[in-house]
Every structure is written in structure tokens, then in C-alpha cells.
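Participant: A predicted structure for the sequence below; I have some questions about it.
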Amino acid sequence: MNTESVIIPTKNTPQPHNDKKVLLEAMKYRYATKKFDPAKKISDEDFETLLEAARLSPTSFGMEPWKILVIQNPEIRKEMIPYGWGAKAGLEGASHFVVFLANKRKDITFGSPYVDHMLKDIHQVPPEVYDFYSKVYSRFGKEDMKILDSERSAFDWTSKQAYIVMANMMTMAAYMGIDSCPLEGYIPDEMTRILGKERKLFDTDHYGIAVMAAFGYRAETPHRDKSRKPLSESVEWVR
């Protein structure tokens with residue numbers, strides 16, 4: 001395990017003053033792309049930017065309980081297709097296909113090698129802060145949110161963090177004019193068998209598949225405009 005902490009300038013970074021209309025236009029341009037142009041590839045530089053957006057994503061307690069597999073191997077993609085009814089178009093035509101993994105309960109339990117790595121090596125917390133985490137984080141997991149009650153509840157929590165990462169990658173992609181599609185149309189057990197148990201791309205004792213996404217460039221025009229509920233149905237102000 002790489003114990004080197006990567007420091008990202010935050011304290012003195014100036015507040016951005018970008019035009020909000022540009023980002024909103026990008027969000028309107030974005031749609032769940034079902035047909036990708038296999039001849040158009042995302043540049044290495046642009047995809048590194050998407051990965052950086054992933055890395056900068058927030059996670060609960062800063063634990064980053066996620067990992068990304070970028071599946072570019074055509075043979076592996078072909079193996080995945082029979083078990084990814086909703087992912088077929090992405091596996092066949094997308095420039096980049098991403099599998100988002102989430103840590104299991106043993107990793108997010110306080111005192112685990114993973115939690116200690118995050119606190120001591122990555123965040124480099126002093127002993128008094130570590131002691132604070134031991135109380136607050138443990139209470140959060142065992143009593144408040146009860147995420148450690150079962151493997152399912154723990155994985156649900158870590159998967160939520162992975163979804164934040166995916167959403168930020170998709171937003172950055174839209175801003176850059178890159179298309180994407182989040183994918184839940186697959187059989188988790190079979191995908192775990194192929195990628196984890198057979199291909200050994202991840203340790204199934206520590207990770208599970210949370211969600212997938214395809215990134216590339218559209219080979220079709222959206223069939224219709226977006227339809228959304230009005231904000232008056234979705235938002236209630238409590239003043």
C-alpha cells in the first residue's frame with residue numbers, strides 16, 4: 001500500500017468566479033448517452049482531468065472508501081456484456097468504461113488497516129485527533145447511522161460515497177463536452193466473478209461493485225428534451 005499522502009492546495013486557493021450559466025448549459029447538454037461513437041476517443045489528458053475530479057470528490061469523514069477500475073481491455077469488456085444488459089452499449093462503444101468499487105465493512109471499521117492508513121498516512125492526524133475520531137467515527141458507525149450493523153448497511157454507505165465520485169466525474173465530463181452514462185443495469189454477482197474472482201482486478205474480500213459508468217462521445221442526437229419535475233414539487237423551504 002502506498003502510504004504517501006497527496007497534498008492538494010485548498011487553504012489559499014482563490015474563490016472561483018466562473019459563469020454559472022456555462023455549467024448549467026453543460027448540465028442541459030448532458031444526457032444518459034446510450035450510443036457512443038467507438039471511433040472517437042477521450043484524450044489521455046482529458047480523462048486524467050475526469051480522474052482528478054473523482055479524487056477531489058468529498059466523502060464522509062474523508063475516508064474515500066472507493067476505488068476505480070478503468071476497463072479498456074476489449075477481451076474483458078466482451079466477457080462483461082452478457083451480464084450487463086444496461087451496460088452493453090457502453091462496453092461496446094464508449095471510449096472509457098469505469099467500474100466504481102466500494103469498500104466492505106471490515107475496511108471501514110475503526111482500527112482497521114484501511115482506516116488507520118487514511119487517518120495516519122493520508123490525513124496525518126495527530127494522536128489527539130485520532131482519539132477524537134475513535135469516539136466520534138465509531139459512534140457514527142455503530143449508534144447514529146448504524147452503518148456497521150451488517151455487510152449490507154456498510155456497503156450501502158460506502159456505495160453512496162462512490163456515487164458522489166461518479167456524479168462529479170459526470171459533471172466534469174459534461175463541462176468538457178464529454179458524454180457519459182451511469183449504469184446499474186448489470187448482474188453484480190456475475191460481474192464480481194469476472195472482474196474479481198477470475199480476472200483478479202480487485203480483492204473481493206475488501207471491495208464490491210457499487211456502480212458503473214461509460215464515458216465517450218455520442219453517436220446520436222438525444223431523442224427528446226429533458227423532462228423534470230418543477231422545483232416546486234422537489235424543494236420545500238423551511239424558513
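Facilitator: Now that the structure is in, tell me what you want to look at. Note that the structure is a prediction, hence the values are computed from the model and not measured.
Participant: Show me where this structure dips below the pLDDT cut-off.
Facilitator: 1-4 (pLDDT under 70).
Participant: Which parts of it are strands?
Facilitator: Using DSSP state E, the strands found in the chain span residues 66-70, 96-103, 179-183, 207-216.
Participant: In this structure, which helix is the longest?
Facilitator: The longest helix of the chain (DSSP state H) is helix 151-175.
Participant: ok so, going back, please produce a markdown table containing the strands of the chain, extended by mean neighbour count.
Facilitator: In short, each C-beta sits where N, CA and C put it, glycine included. Converted to a markdown table, these look like this (neighbours: other Cβ atoms under 10 Å):
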| stretch | mean neighbour count |
| --- | --- |
| strand 66-70 | 18 |
| strand 96-103 | 25 |
| strand 179-183 | 24 |
| strand 207-216 | 23 |
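Participant: Please produce JSON lines containing those strands, extended by distance to A173.
Facilitator: Shown next, in JSON lines, are the strands of the chain (distance: least, Cβ to Cβ, whole Å):
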{"stretch": "strand 66-70", "distance to A173": "14"}
{"stretch": "strand 96-103", "distance to A173": "10"}
{"stretch": "strand 179-183", "distance to A173": "5"}
{"stretch": "strand 207-216", "distance to A173": "6"}
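Participant: For W85, which of these is the nearest?
Facilitator: The closest of the strands of the chain to W85 is strand 179-183. By Cβ to Cβ, the value is 10.0 Å.
Participant: in this structure, which spans are helices?
Facilitator: Using DSSP H, the helices assigned to the chain run over residues 20-29, 44-55, 74-80, 88-93, 105-108, 113-116, 127-139, 151-175, 188-192, 231-234.
Participant: Dump those helices into TSV; add distance to T221 and mean neighbour count as well.
Facilitator: Listed next are the helices of the chain as TSV, based on distance: least, Cβ to Cβ, whole Å; neighbours: other Cβ atoms under 10 Å:
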stretch	distance to T221	mean neighbour count
helix 20-29	12	12
helix 44-55	22	16
helix 74-80	25	15
helix 88-93	15	21
helix 105-108	43	20
helix 113-116	45	16
helix 127-139	48	13
helix 151-175	16	19
helix 188-192	31	15
helix 231-234	27	8
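Participant: so which of the ones you listed gets nearest P9?
Facilitator: When the helices of the chain are compared by Cβ to Cβ, helix 44-55 sits nearest P9, at 12.9 Å.
Participant: Which other helices and strands does the closest one contact?
Facilitator: Where contact means 3 or more Cβ pairs under 8 Å, 6 or more residues apart in numbering; DSSP states H and E, helix 44-55 is packed against strand 66-70, helix 151-175.
Participant: Okay, and the beta partners of the nearest residue to A173 once chain neighbours are set aside?
Facilitator: Excluding its sequence neighbours, the residue lying closest to A173 (Cβ to Cβ, 6 or more residues apart in numbering) is S180, at 4.8 Å. In this entry, S180 is beta-bridged to A32, F215, by DSSP bridges.
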